[in-house]
Structures are given as structure tokens and as C-alpha cells.
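Trainee: The sequence and its predicted three-dimensional model are supplied below.
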Amino acid sequence: MSHLDQALLDELKLVLEDEFVDLISAFIDDSNERMKLIRQQFEQQDWTQLSRTAHSFKGSAGNIGAQVLADMCMALEDNARDGNCSLQMIEQVDQEQASVCQQLKIIANNS
Amino acid sequence: MTDSLKLKVLVADDSETDRMILSAIVRQEGHEVLPAKNGKEAVNIYRSERPDIVLLDALMPVMDGFEAARTIKAIAGTELVPIIFLTSLQDPQSLVRSLESGGDDFLSKPYKRVIIKAKLTAFGRMRSMHAAIQANHRQLLIEQQVAKRVFDNVAHQGCLESAGIRYSLSPLSVFNGDTLLAQRRPDGGLSIFLGDFTGHGLPAAIGAMPLAETFYGMTAKGFELEDIVKEINLKLNNVLPMGVFCCAAVAHIDFINKSLRIWVGGLPDLCFWRESTKEAVAVASSGLPLGIVGADKFSPKVEQYRMDDGDRLLFWSDGIHEARNSEGELFGEERLWRLIRGREEDSIFDAVLNGVNEYIGQNDREDDITLAEVTMQNVDLRSMRPLGGGAALEGVLNWQQSTTFDAKSLRHYNPLPLMLHNLSEIPWVRQASGELYTMLAELYSNALEHGVLELDSQLKASTEGFATYYAEREQRLKDLKSGFVRISFAHQFENDTFQLVIEVEDSGNGFDWQSTLNNSLENKKYSGRGVPLISAIADKVEYQGNGNFVRVTLRKPEDGDSI
């Protein structure tokens, strides 16, 4: 659980009430969408768009308490802007994303 | 949270989860949320819902936050709409860009609830302060409009539309501090007032009310120029706060005696134009502006000029001197006089107005210019007569009154307004008060100037003599030790009609009334004791003895006739 900010999630639960479960599933759908986009943009070597997608992803991840994922997105954003982005980096983000979503699903089921 | 602090908050973010989180936080603070998925949606919602605060993500599809911010600020106009950018942008350039496009603040991701709460509260407070200021401003404008209406009713421009007067005046001139008034005197003469209060806006306008009331009232009752100026000074001195005063010029144009009496206090030199010699005479200020000193220290010095047909008087406030061209240079007094003396147009009024407007060019300041011109004209006395007859009430039937003014009274007091007031108790006489005043004024000045003061009326025939005459009149009046003027009225019913008999007697030596009486009204030349004028108005004029006693009889006109 170390990759998620539990205190922040508790606060979100408090603020969003019934909507909290919707928030989690929206995040999971969104982040799957974003991973697909990132891979696509990497294949097309569209570094500008890739950097923007990583930027947005960073914001959303941070807001939901996935700070490690947010930090990885920031590194991806910076590297992509410089046109210096490796597949290995994307795989890393993908792994972190899968792990975060897994944990969020458990939290959502328990609430 | 009270309803008054409940804000309508537009939340625009393309990321669904971010939007959900921010919306939930804002809602929990008690505000209403209007969600938008991109900049275009945000603009549309802003247009239809007019939210109080806008939270905009910088990077969004369709229309980004920067463009949305610019569009929303443009729609908002003078309305204050705080725009807060939602951003995880770090580089200073992007932050600057969001401020330049109209952003007021940032909110960085990940969101911190306390910070969101604090910012919403701060901007909500700022907005309500702005709304309060705007409401005050609107209220002020409404009050100014109401005030203007009241001013227009009280300080209306009187008879500025009369023939012989031309003027240029801003519709809001009263709030520029300029006041231009004109009123007929009972004898058909014209009094004009030009005032320039210190300052602008309501404080400058407030003094125009007592001023206008005094000016209109006293002029219509036939008070002397000096008395009117003194009274206005006293009123303004009592009413106006320290530091507010009124630079003014007051002129009385007498169409019968073809004379101009003028007092200038604190205004720049005015222009008296002599048509016969094509000469522009500067009439300089001779006293303090109105409202500065009390009655005991204020004695207006009135200038007197002969004014032939075609002669003009030009008035202006210092707005003309202070007009600036595109380089910011003042128009100035010297340029104005050069323009008057060197003009090609026949009309000074047009020359000045065109000259100033040409000078200021694109700097459209025309509205601030107050300029007026009065031209001496040949006025048919009969055309000034009000309709006579018609009153059902007869008023008092038989009365008489006799008043004697001794040297002391004659020195300080003009009895005409009081006399006229007493006579206006009689309805048919009241309807002819214009002619009556004219006649009384002639009879009184004959008795005083030619009788008691022994001034020679022939003196007035020339321009120089005219000035000498009035200087001499002032001196002799000041030195007067003895003498009297007695005025008697009798209202009687005789020969099936009412008649008013006026008798004026003075302590002087009289004059050769037989030969003067043979003159006709057309031959009248600014002298000759106004005898032809009196004969034209009265039904009967009788001189007695050596000419220091005159009896004038007026009969009540038949219905529809004038005297």
C-alpha cells in the first residue's frame, strides 16, 4: 500500500461520499485510456503530445494520492519534451499504473 | 455558510477524476458547481450562467484554458470574475502566460482542500466588495441624474433662447461647475449670469441652486445689478464650504436706454465688441469671486457702457483658456484675443468656437466649453407687452400711498422693486408690470438724476460722455446731503373705469418740459428724460410748475387690449 497516500484517500472518501466508488472506477478507466494513448504516441514518436498526456496523467494521479505514479509521469513528461524517451520508461509507468489500479479496486470494494 | 456567500463556481477540467474531486471539494464548502469538460464548454456556461468564480485547467482539448480565460474576461467587461488556473505546470513561463491571458491566481495539483477553501473565500470576498463598489457607483450615477433633473428645474437656463443670445454649453455643464442663466427684467431688459464654480461634480453644482433662485427672483422683480450680485455673494458665502467659490460675470442689457451694465469677479477678461468702430474692449474683473467674503467686505463695482445696436458682449469661462491641443498645449488667453481681433468671419461667436475646436482637434473637449454672446438689438417696446385685461378679481378699489425718499435713502436704496411689488396687488396693473416698471424706472431716474443730482442728460449722447455721466452720477450720489424724491400712487374708479395715477416730485430745479414733450418716440436719443417713452405708455402725462412734478395716468385697458 505504500504507493498510495492513505490519508488523502480517506479525505476523498469523506468529501465524495457515495461518489468515491465512481471516482475510483473513473480513474481506472481514464488511466487505462491514457496508457493506451502513451503507447500510441510513443510508436508515432509524437513527443509533444506524449509529454502533454504524461502531464495530465501526472495531475490526476497526484490528485488521487498515487504519488509514485505521478512522479514517474513527471519524469516521462520531461523526457518526452526533450525527445529522450525510452520504451523501458513507459513499461515502468505501465507497471505502476496496473499496481495502483489493483490497489484502488480493493479499496473501492471495501468501502 | 450563509446564502450571500454561496458562490456559483465554474469548474473546467478535461480530466474527469480531477473535475470530480474539485467539484466535490467546492460543493462541500457550500458552493454551487458548474462543471465543464473543455474551454469551449466553459465559455458557453459562463455566457449563460454567469458564475462568480471560474476555475480553469490550463491544458484542455477543443479550447485551452488560456483562450477560455481571455474570452470570459472579454464577455465579463467591467464585471469582476476571478479566474483561477488549475495547474500542475511548474515552469515560470507557463505561469506568466496564464496570468497574461487574464488569470488572477493558480491552484496547483494535487489539490489541497484548505487552500481551495481559502482561495474561494478570498475571491468571494473580493467579488462582493467589487459588487458593492459597483452598486455604489450605479447609485451615484442615478443620484447624479436625479440631481441633474432638479438642477435643470431650478437652475434652468431661463430665457437663454431669446433672440440676440447665442451660446454653447455642455448638457452636463452644471457638473463641470459652469452655470449660464438669463432672465428678463421687468422693463424688457436682459440679465445674464455666467458662473464658474471651483471644482467638478456635485460639490461644484450644489451652489448653482441658491444662485439661480436668487438671480431669477431678483432680476424679475427689477432689482439693481449691484443688489443682485451682493445677495448672491451673501447666499454663496453662507452656503458654500471653504475653498468653494464662484467666478462670475453678471450683465444687464437695457434695450431702452441702450446700455450695458456689467460686473466681473474672478473670471478672465470678457469681450465687449463695438460694432461701429470694430473695436474689441476687454472688460476686466473688478472684484473677488462670489462666495469668498461676507457682505461687509463685498462691494461690487459695476462698469457701465453705452451699447449701440449691433454691439456685442462675449462671455466665456476659463474652459476655453484651458482647452489643449494634441500636444497638450493650452489654448490660452492671448491666442483667444488674437483670434477675436484678427478673425475673418463676421461673427465673433463662430470665430471663437471654430477656432477653439480647430485647436483641440481630435481631443474632443467641445462639451467643456461655455461661451455666450449677447447682441444689442432694436427692440419694439410694444412686442414685449404681456396680454392685458381678463382678470376677474378687481382687487383693491380705492387706495393711495405716498412715499418720500430722503438723501440717505437715495444714496443706498433702489425703491423700484418695492414700489412695483405694492402696485402688483392690483390685478390689471400686475398684468402690465413690464411697462409699469419701465415707466417707473424712467420717472424715478429722471427725478433722481436730473432733478436731485442735477445731471445733464445731453451728456449721455456720446460714448465718452456716457461714461462721464455715470461716473458723475456715482460721485454726486455718494456726496448727496439733501434732497428728496416723493412717489405717490392712487388707484381710483372714474369714468366707468379704473385708473392708476402716479405722481413723482423731486427737490430739483425742474426742466423745460414743454419743448421736450414735443419730441416723438422715434427721435429719442438716450436722453431727453425718457419723456417720449413715458408718453407712449401712459394715457396722460402732466408736468406742473417748473417741471419737478409729474403726474402720469394709466387707465385699465378694455379686455383683450394692453395698456
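Mentor: Perfect, thanks for sending it. Everything numeric here is computed off the predicted structure, so don't read it as measured data. Residues are numbered from 1 along each chain as shown, chains lettered A, B, ... in the order given.

Trainee: Could you look up the SS state of B:Met218?
Mentor: Here B:Met218 is helix, with the state taken from DSSP: H, G, I helix; E, B strand; the rest coil.

Trainee: Could you list the domains of chain B?
Mentor: B:3-133, B:155-379, B:387-555 (automatic domain parsing).

Trainee: what about the shortest one, near chain A?
Mentor: Pointing back at domain B:3-133 there. Yes: using Cβ under 8 Å from any Cβ of the partner chain, domain B:3-133 reaches chain A at B:14-18, B:20-21, B:24-25, B:28, B:59, B:88-89, B:109-111, B:113. (Glycine included, C-beta is placed from N, CA and C.)

Trainee: The residue of chain A found nearest chain B: neighbour count?
Mentor: Distances between chain A and chain B by Cβ to the nearest Cβ are smallest at A:Gly62, namely 3.6 Å. A:Gly62 has 23 neighbours, counted by other Cβ atoms under 10 Å in any protein chain shown.

Trainee: Can you tell me the SS state at the closest residue to it other than its chain neighbours?
Mentor: Leaving aside its sequence neighbours, A:Gly62 sits nearest to B:Pro110 (Cβ to Cβ, 6 or more residues apart in numbering or on different chains; 3.6 Å). Of the three states, B:Pro110 takes coil according to three-state DSSP.

Trainee: before we move on, the earlier item: buried subset of the residues of domain B:3-133 next to chain A?
Mentor: In the residues of domain B:3-133 next to chain A, burial by neighbour count holds for B:14-18, B:20-21, B:24-25, B:59, B:88-89, B:109-111, B:113, counting by 16 or more other Cβ atoms under 10 Å in any protein chain shown.

Trainee: Which one among the residues you listed sits at the bottom for pLDDT?
Mentor: When it comes to pLDDT, B:Leu89 is the least confident member of these, at 66.

Trainee: before we move on, the earlier item: would you list the domains of chain B in CSV and tack on distance to A:Ala26?
Mentor: Written out in CSV, the entries for those read as follows (distance: least, Cβ to Cβ, whole Å):
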stretch, distance to A:Ala26
domain B:3-133, 5
domain B:155-379, 58
domain B:387-555, 90
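
Trainee: Point out the one among those that comes closest to B:Glu143.
Mentor: Evaluated with Cβ to Cβ, the domains of chain B place domain B:155-379 nearest to B:Glu143, the distance being 8.3 Å.

Trainee: rounded to a whole number, what's the mean pLDDT of the closest one?
Mentor: Across domain B:155-379, pLDDT averages out at 85.

Trainee: for the residue of chain B found nearest chain A, phi and psi?
Mentor: Residue nearest to chain A within chain B (Cβ to the nearest Cβ): B:Pro110, separated by 3.6 Å. The phi/psi pair for B:Pro110 (degrees, to the nearest 10) reads phi -70, psi 150.

Trainee: One more: A:Lys13?
Mentor: A:Lys13 has phi and psi values of phi -60, psi -40 when expressed as degrees, to the nearest 10.

Trainee: Test my guess that it contacts A:Ser111.
Mentor: Yes: the pair A:Lys13 / A:Ser111 is scored as a contact, 6.2 Å apart, by Cβ atoms under 8 Å.

Trainee: which of those two has more neighbours?
Mentor: It is A:Lys13, of A:Lys13 and A:Ser111, that has more neighbours when counted by other Cβ under 10 Å, with 17 against 12.

Trainee: Could I get the buried residue list for the helix or strand harbouring B:Glu464?
Mentor: Following DSSP states H and E, the helix or strand that holds B:Glu464 is helix B:463-479. When neighbours are counted by 16+ other Cβ under 10 Å, the buried residues of helix B:463-479 are found to be B:Gly465, B:Phe466, B:Ala467, B:Tyr469, B:Tyr470, B:Glu472, B:Arg473, B:Leu477.

Trainee: Next one, pLDDT for the first one please.
Mentor: Among the per-residue scores, B:Gly465 holds a pLDDT of 84.

Trainee: That one against B:Asp456, yeah?
Mentor: No: B:Gly465 lies out of contact with B:Asp456 (Cβ under 8 Å); the separation is 9.2 Å.

Trainee: Tell me who's in contact with the one residue sitting closest to the centre of chain A.
Mentor: For chain A, the residue whose C-alpha lies nearest the mean C-alpha position (Cα atoms, centre = their mean) is A:Ala61; its distance is 4.4 Å. Under the criterion of Cβ atoms under 8 Å, 6 or more residues apart in numbering or on different chains, the neighbours of A:Ala61 are A:Ser31, A:Gln67, A:Leu69, A:Ala70, A:Cys73, A:Val100.

Trainee: need the next SSE after the one helix or strand the fourth one maps to, C-terminal direction.
Mentor: Secondary-structure element containing A:Ala70, defined by DSSP H and E: helix A:67-81. Past helix A:67-81, further along toward the C-terminus, the next helix or strand under DSSP H and E is helix A:87-110.
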